[in-house]
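A.B. asks: The sequence and its predicted three-dimensional model are supplied below.
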Amino acid sequence: MKYQDGHYLELPRSIFADERFLRLSDSAKWLFFVLKEMEHRYTGESEDFFFRSNADLAESCGWNIKKLERYKPEILKSGLVESWLMHWKDKNTGKKSEKHITAYRILV
C-alpha cells in the first residue's frame, strides 16, 4: 500500500480548485475518487501505477460496464488520470496474460 492502512481517502486540497476536476460530471468525479482509492490500495513505493479490469473497476464504482465505459473517457480526457493497456505476468511461470488489463496512473 502506498499510504498507511487507514480508514480515509487522501486527496490533495488543490483538486477542489482544479478546473479540470470542476468541469467533470458528478459521475466522472466519483470515478476519480474510486481511482484515487485504488491508487492508495494497489500502488507501492516502487510503482506509481496500478491495474484493474473494467469489470473490477465498474464493481468498485457500484456501476455496470456500460456506465463505466460512458464516464471513463471523460476522466481520461481531463488529464487527471493516465491509462494504457497492458498484460500481467504470472509470478510462477513468467508468462504474459492473454487478456489485456488497464493500467492507471493518477497525475494529481
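C.D. replies: Great, that's in hand. Numbers count the residues shown, from 1 in each chain.
A.B. asks: By mean pLDDT, point me to the weakest helix or strand of this structure.
C.D. replies: One helix or strand of the chain scores below all others by mean pLDDT, DSSP states H and E: strand 50-52, with a mean of 93.
A.B. asks: does the residue nearest the centre of the chain belong to a helix or a strand, and which?
C.D. replies: The chain has residue 35 as the residue nearest its centroid, 3.2 Å off, counting by Cα atoms, centre = their mean. Assigning secondary structure by DSSP states H and E places residue 35 in helix 26-42.
A.B. asks: Show residues contacting that helix.
C.D. replies: Under the contact criterion Cβ atoms under 8 Å, 6 or more residues apart in numbering, helix 26-42 has outside partners 1-3, 9-11, 21, 24, 50-52, 57, 60-61, 67-68, 70-72, 74-75, 78, 80-81, 104, 106. Yep, even glycine has a C-beta here, placed from its N, CA and C like the rest.
A.B. asks: hang on, the earlier thing: which residues does the following helix or strand past the least confident helix or strand of the chain contact?
C.D. replies: As assigned by DSSP H and E, the chain's next helix or strand after strand 50-52 is helix 54-61. Defining contact as Cβ under 8 Å, 6+ apart, one finds that helix 54-61 is touched by 30-31, 34-35, 37-38, 52, 64-65, 67-69, 72, 102.
A.B. asks: Can you give me the buried ones in helix 54-61?
C.D. replies: Using 16 or more other Cβ atoms under 10 Å as the burial criterion, the residues of helix 54-61 that qualify are 57, 58, 60, 61.
A.B. asks: ok, now stretch 12-25?
C.D. replies: Result for stretch 12-25 [16+ other Cβ under 10 Å]: buried residues 15, 21, 24.
A.B. asks: Next: stretch 64-75.
C.D. replies: Quick answer for stretch 64-75 (16+ other Cβ under 10 Å): 68, 71, 72, 74, 75.
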